[in-house]
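S.K.: Provide a 3D model corresponding to the input given below.
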Amino acid sequence: METLIPVINKLQDVFNTVGSEAIQLPQIVVIGTQSSGKSSVLENLVGRDFLPRGIGIVTRRPLVLQLVHVSEENRELKQHENGRIDADEWGKFLHTKQKIYTDFDDIRQEIVNETERMSGNNKGICGDAINLKIYSPKVLNLTLVDLPGITKVPVGDQPADIESQIREMCLHYISNPNSLILAVTPANTDIATSEALKFAKDVDPDGRRTLAVVTKLDLMDHGTDAIDVLCGRVVPVKLGIIGVVNRSQQDINEQQDISEALKDEGAFLQKKYPAIANRNGTPYLARTLNRLLMHHIRDCLPELKTRVNVMASQFQSLLNSFGEPVDDKAQALLQVITKFAAAYCSTIEGTSRNIETTELCGGFRICYIFHEIFGKTLETLDPLGGLSMLDILTAIRNATGPRPALFIPEISFELLVKRQIRRLEEPCLRCVELAHEEMQRIIQHCGTQQEMMRFPKLHEKIVDVVTSMLRRRLPITNQMVENLVAILAYINTKHPDFHEASYITKSVMDNDVIDQRK
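M.R.: Okay, here's the model as predicted:
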């Protein structure tokens, strides 16, 4: 049972490193209103001062705190894993890799620096968590998440919707069905109005995951006590309600040692609540949290194991699909580019193994564009479209100049023909555009090869290079087509069509001569 929490901590480190939240891991989420004493409860559990202190909102980023118990038997092993450590207690941040902190003031300063780096230095908040692991012989194995305190009014450069932002952040963590909720409420307020318990009730209506902590028992009004609250007579909580006494601000300013504060807490509980003193206090809270977390992990373990095995199998299959490790990168690069080029050419030629059966693609699609789309467009063009008899007569008359012409001027015929041929330019350019689009589609079709899937960055770069090359050639191709259309304006009188026309003209003239002789 004791090994369950370290295993979950290792899983959490792995998922934080790879940036994945695919599995919701068991952990204890601490929520409460601003200045309710959440940070003091955590420090009492650790037994050291290590969290930032101040007025107003101090916790401005989620802090994932992993407490690891280091016994005398396994301390040498821990030191071997983390290097030589000349201290009984030390800490380690995930974002600073293997750097070891033996001074807890440095841990506090690093939390402040990392918070200001992401959240600014004027009360802003950020949802990215800080991961801290503390090794100590004085702690029990626990995983806790300290969240920003629930607040109502924005201060500093906080946005106007700061309340809803903190609410969404809290709900994101406590909505995890595998998490335990530690709802912190100060004793000098009415527990029936506790925002923390209200949040917990919203996501855990049965109360199976909620444990309440009542802080500041020593600050209640004279003549009152919290016996009814701690016994669950006011607001019942299934997992229980535990009262603790935190250090006062004066104690903190005077740097009172937490061990002394725990003694004072025990003395206060024995004096004020002797009947239930053994079921309250920070030591009892730590043992309760450790027990609840281990039992909760035990209950969640079958589902977690199944989920981890499924994900491991999926990623192992994905890893196997990548093939063997690449030793010669230059050779592998050349092979991938060569195979891509061969696949591109085979797709155009129709010899590709992966032939589409649902739509036309590749070379036949280009053939279809030329013979069907472009060909039918040309057939729909009327050679005399937009050209009236009056236009023809006007062109002939303008070409004769100031003197009447005996024969039809050739220049007028050429002028009219060029005008009609220019109408072919738009369908030709449209044909080029369609062919260019199909060649772009072929690039994506060739990207389904195993080699392309294995090297996605290389595939992306190849696609960019080929796409850029096709895009650069498009204006040049359009220019060539425009030049070809312009060249078509040259009238080749040696063309067979002209010979047929001359034969027809000659036969007509011969018939006229015969008619005249008759």
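S.K.: helix, strand or coil for residue 379?
M.R.: Following DSSP: H, G, I helix; E, B strand; the rest coil, the label given to residue 379 is helix.
S.K.: my error: substitute residue 44 in the last question.
M.R.: Under three-state DSSP, the three-state class of residue 44 is helix.
S.K.: what about it, neighbour count?
M.R.: Counted by other CB atoms under 10 Å, the residues lying close to residue 44 total 24. Heads up, the C-betas are built off the backbone N, CA and C, glycines and all.
S.K.: could you do the one 3 residues further on as well?
M.R.: Other residues near residue 47 number 21, with proximity taken as other CB under 10 Å.
S.K.: then residue 118?
M.R.: Look at residue 118: counted by other CB under 10 Å, it has 14 neighbours.
S.K.: again, but for residue 431
M.R.: That count, for residue 431 with other CB under 10 Å as the rule, works out to 19.
S.K.: residues contacting the closest residue to it other than its chain neighbours?
M.R.: Closest residue to residue 431 apart from its sequence neighbours, by CB to CB, 6 or more residues apart in numbering: residue 374 at 4.2 Å. Contact partners of residue 374, counting by CB atoms under 8 Å, 6 or more residues apart in numbering, are 427, 428, 430, 431.
S.K.: residue 169 touches residue 147, doesn't it?
M.R.: Yes: counting by CB atoms under 8 Å, residue 147 is a contact partner of residue 169 at 6.3 Å.
S.K.: now do the shared contacts for these two.
M.R.: Joint contacts of residue 169 and residue 147 (CB under 8 Å, 6+ apart) are residue 62.
S.K.: neighbour-wise, which of these two wins?
M.R.: Taking other CB under 10 Å, residue 169 and residue 147 do not tie; residue 147 has more neighbours (23 against 19).
S.K.: related to what we said a few turns ago, got the contacts of residue 374 as CSV, with pLDDT columns?
M.R.: Shown next, in CSV, are the contacts of residue 374 (pLDDT from 0 to 100):
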residue, pLDDT
427, 84
428, 86
430, 88
431, 87
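S.K.: most widely separated two among those?
M.R.: 428 and 430 (7.2 Å; CB to CB).
S.K.: between those two, which one's more packed in?
M.R.: Taking neighbours as other CB under 10 Å, residue 428 and residue 430 compare with residue 428 leading, 17 against 14.
S.K.: list the contacts for that one?
M.R.: 374, 481, 484, 485.
S.K.: tell me the spacing between it and residue 366.
M.R.: Distance of residue 428 to residue 366, computed by CB to CB, to the nearest Å: 15 Å.
S.K.: and for residue 440?
M.R.: From residue 440 to residue 366 the distance is 12 Å (CB to CB).
S.K.: for these two, indicate the residue with more neighbours.
M.R.: Set residue 440 next to residue 366 and count neighbours by other CB under 10 Å: residue 366 wins out with 18 against 14.
S.K.: quick one, what contacts that one?
M.R.: 348, 435, 438, 439.
S.K.: let's go with 7 Å and repeat that
M.R.: By CB atoms under 7 Å, 6 or more residues apart in numbering, residue 366 lies in contact with 435, 438.
S.K.: same question for residue 143.
M.R.: Neighbours of residue 143 in contact, by CB under 7 Å, 6+ apart: 5, 8, 9, 12, 27, 28, 66, 293.
S.K.: do you know the pLDDT at the third one?
M.R.: Listed pLDDT for residue 9 reads 73.
S.K.: quick check, it in a helix?
M.R.: Yes: under three-state DSSP, residue 9 sits within a helix.
S.K.: count of neighbours near residue 52?
M.R.: Residue 52, neighbours per other CB under 10 Å, totals 14.
S.K.: helix, strand or coil for it?
M.R.: State at residue 52, reduced to three classes by three-state DSSP: coil.
S.K.: residue 67 too?
M.R.: Secondary structure, three-state DSSP: residue 67 is strand.
S.K.: also residue 390?
M.R.: Going by three-state DSSP: residue 390 is helix.
S.K.: next one: it from residue 397, what distance?
M.R.: Taken as CB to CB, the span from residue 390 to residue 397 is 10 Å.
S.K.: cool, and residue 71?
M.R.: Distance of residue 71 to residue 397, given as CB to CB: 113 Å.
S.K.: and what of residue 194?
M.R.: The gap separating residue 194 from residue 397 is 101 Å, by CB to CB.
S.K.: please identify which of the two sits among more neighbours.
M.R.: Ranked by neighbour count (other CB under 10 Å), residue 194 and residue 397 place residue 194 first, with 23 against 13.
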